[in-house]
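Visitor: my questions concern the predicted model and sequence given below.
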Amino acid sequence: MAGFDWPTLMRAGMRGLGLKPWEFWDLTPAELQLMLGEGDGAKPMGRSRLSELMTAFPDDKMRGDET
């Protein structure tokens, strides 16, 4: 399994993005990836996942309107 290429990531973050060292180290890898334009953030939720969540957490139970 390949690890992170820290020297390249540090150059991209500190030189390319102008981050201070503490700003760089405070980021998660996903945040850095997004800032570098290598991702578009989290993938949108699909209909099947929404249905799963609706089943697990129905609105009527959240309000206490159990029938």
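Guide: Perfect, thanks for sending it. Numbering: from 1, shown residues only.
Visitor: mind checking which helix or strand of this protein has the lowest mean pLDDT?
Guide: helix 59-63 (a mean of 68; mean pLDDT, DSSP states H and E).
Visitor: which helix of this structure spans the most residues?
Guide: helix 47-56 (DSSP state H).
Visitor: same question for it, mean pLDDT?
Guide: For helix 47-56, mean pLDDT rounds to 90.
Visitor: likewise for stretch 23-41?
Guide: Mean predicted lDDT for stretch 23-41 stands at 83.
Visitor: what sits up against it?
Guide: F4, L9, M10, A12, G13, M14, G16, L17, L19 (Cβ atoms under 8 Å, 6 or more residues apart in numbering). (Each C-beta comes from the backbone N, C-alpha and C, glycine too.)
Visitor: okay, those in CSV with distance to M45 and secondary structure next?
Guide: Formatted as CSV, those follow (distance: Cβ to Cβ, whole Å; DSSP: H, G, I helix; E, B strand; the rest coil):
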residue, distance to M45, secondary structure
F4, 28, coil
L9, 29, helix
M10, 33, helix
A12, 29, helix
G13, 29, helix
M14, 34, helix
G16, 31, helix
L17, 29, coil
L19, 30, coil
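Visitor: buried members of these into ChimeraX, please.
Guide: In ChimeraX syntax, the buried subset of the contacts of stretch 23-41 is picked out as below (16 or more other Cβ atoms under 10 Å):
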select :9,10,12,13,19
